[in-house]
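Enquirer: sequence first, then the predicted structure, then my questions.
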Amino acid sequence: MSQRYYDTAILGATFLGIGAALHLKNAIVIEKGGILGEEFIDSYKVCTWKDINRKTESGGHFERNLKKRGLISENGDFYQGPAMYVASEYLKEKPVELLLMTEVIEVEKEEGYYHITCYHTKGFETIAAKNLLDTTVGGIGQKRAENVEMSKTLNSIIYNPNKCAIENLSYNSASGLYTYVMPVSAEKSRQEAIEDLCKKEELFRNHDMKISSIAPEFSYTLETCNREVNERFRWNPSAAYTNPVEAFDMGAYIAERTGENDLA
């Protein structure tokens with residue numbers, strides 16, 4: 001298999017990553033999972049609204065598009081699941097090379113390029129890129145993420161027919177769903193976290209509630225950061241932003257600032 005060369009490789013098909021890719025001429029997005037925006041969608045993240053001016057025209061358009069479809073309520077709740085399909089619509093208008101179900105095994109810098117060793121359905125492949133934008137929460141091929149404070153939760157959708165209230169339970173007026181947010185210590189695995197959640201069965205039963213669905217991924221909270229890992233290699237985790245619109249807008253802003261130049 002011949003090696004592919006790109007100006008920019010984006011790690012993570014996050015809302016920030018897609019926002020950036022749509023505004024770069026020669027970019028590839030590499031995603032370990034099978035969907036877009038996993039950091040908000042598969043985590044059942046409870047999003048909050050920020051009433052600020054968007055940095056880019058496309059960020060504002062994305063916001064208006066979601067509102068028009070009823071995916072952002074009047075009080076700022078987000079129904080983020082369908083937002084993935086809205087982002088996909090932009091990809092139809094401006095195709096972006098996207099590798100899903102692809103694991104990044106190693107990242108090495110050599111002769112002015114970052115060589116990214118990947119594993120996907122066709123086996124191993126090495127992709128070369130001048131610039132790297134890592135939008136994942138944990139960071140790939142770098143250790144800067146280890147020095148950033150973050151908290152994680154296991155979120156679940158709760159069947160709550162009587163509209164009861166308990167601590168850490170929130171109602172989303174855009175989706176009509178109740179989300180229970182359970183804090184999880186950093187070292188706990190998802191299996192251990194699920195066991196802890198199941199121990200709360202009596203709490204839910206006493207309020208006539210049932211667990212409808214458990215998030216496939218943890219939800220993370222951390223401060224926004226745009227860190228230089230190496231020359232032309234930046235880490236800007238999409239999960240650090242408050243909602244998909246803010247993350248998408250930041251990705252577009254990074255791309256517009258980059259233009260034909262290196263990542264800044």
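Expert: Cool, got the structure. Here the structure is a predicted model, which means the values were calculated and not measured.
Enquirer: ok now stretch 31-46, how far from the chain's centre?
Expert: Per CA atoms, centre = their mean, to the nearest Å, the displacement of stretch 31-46 from the mean C-alpha position of its chain is 5 Å.
Enquirer: please identify the buried residues of that stretch?
Expert: Across stretch 31-46, burial judged by 16 or more other CB atoms under 10 Å covers 31-33, 36-46. In short, each C-beta sits where N, CA and C put it, glycine included.
Enquirer: swap in stretch 16-28?
Expert: By 16+ other CB under 10 Å, the buried positions in stretch 16-28 come out as 16-24, 27-28.
Enquirer: quick one: average confidence on it?
Expert: Averaging pLDDT along stretch 16-28 yields 96.
Enquirer: contacting residues for Gly19?
Expert: Counting by CB atoms under 8 Å, 6 or more residues apart in numbering, Gly19 touches 58-59, 62, 247-252, 255.
Enquirer: which non-adjacent residue is nearest it?
Expert: Gly251 (2.8 Å; CB to CB, 6 or more residues apart in numbering).
Enquirer: and if you look at Glu39?
Expert: Ala239 is the one closest to Glu39 (CB to CB, 6+ apart), at 4.1 Å.
Enquirer: again with Ala21
Expert: Spatially, and ignoring its direct neighbours in sequence, Ala21 is nearest to Val96 (4.5 Å; CB to CB, 6+ apart).
Enquirer: that neighbour is in contact with Asn26, isn't it?
Expert: No. Val96 is beyond contact range of Asn26, at 10.4 Å (criterion: CB atoms under 8 Å).
Enquirer: got the buried residues for stretch 227-236?
Expert: Residues 227, 229, 232-236 are the ones in stretch 227-236 that count as buried (16+ other CB under 10 Å).
Enquirer: strands - which of these land there?
Expert: Judged by DSSP state E, the buried residues of stretch 227-236 include 227, 229, 233-235 as members of strands.
Enquirer: and Glu146, which of the three is it?
Expert: Counting by DSSP: H, G, I helix; E, B strand; the rest coil, the backbone at Glu146 sits in helix.
Enquirer: number of nearby residues for it?
Expert: Using other CB atoms under 10 Å, Glu146 has 8 neighbouring residues.
Enquirer: skipping adjacent residues, who's closest to it in space?
Expert: The shortest distance from Glu146 to any non-neighbouring residue, by CB to CB, 6+ apart, is to Gly139 (7.8 Å).
Enquirer: okay, and the one you found sits in which element?
Expert: Counting by DSSP states H and E, no helix or strand carries Gly139.
Enquirer: picking that back up, and the buried residues of stretch 31-46, which of them are in helices?
Expert: Among the buried residues of stretch 31-46, the members falling in helices (DSSP state H) are 38-41.
Enquirer: secondary structure class for Glu256?
Expert: Using three-state DSSP, the structure places Glu256 in helix.
Enquirer: who does the nearest residue to Phe218 once chain neighbours are set aside form a beta bridge with?
Expert: Of all residues not flanking Phe218 in the chain, Lys152 sits nearest, at 4.4 Å (CB to CB, 6+ apart). Bridge pairing for Lys152 (DSSP bridges) gives the partners Val184, Tyr220.
Enquirer: how close does Lys152 get to Asn230?
Expert: Computed as CB to CB, to the nearest Å, the Lys152 to Asn230 distance reads 26 Å.
Enquirer: Provide a list of residues in contact with Ser43.
Expert: Counting by CB under 8 Å, 6+ apart, Ser43 touches 155, 215-220, 239.
Enquirer: can you give me the strands in the stretch 51-200 of the chain?
Expert: For the stretch 51-200 of the chain, the strands defined by DSSP state E, counting those that start in this stretch occupy 97-99, 103-110, 113-120, 123-134, 150-159, 169-172, 177-184.
Enquirer: report the helix or strand with the lowest average pLDDT across the protein.
Expert: In the chain, the helix or strand scored least confidently by mean pLDDT, DSSP states H and E is strand 227-230, which has a mean of 90.
Enquirer: what pairs with that one, parallel or antiparallel?
Expert: According to DSSP bridges, strand 227-230 forms sheet pairs with strand 233-235 (antiparallel).
Enquirer: what are the contacting residues of the partner strand?
Expert: Residues outside strand 233-235 that contact it (CB under 8 Å, 6+ apart): 109, 114, 131-134, 139, 142, 144-145, 225-229, 254, 263.
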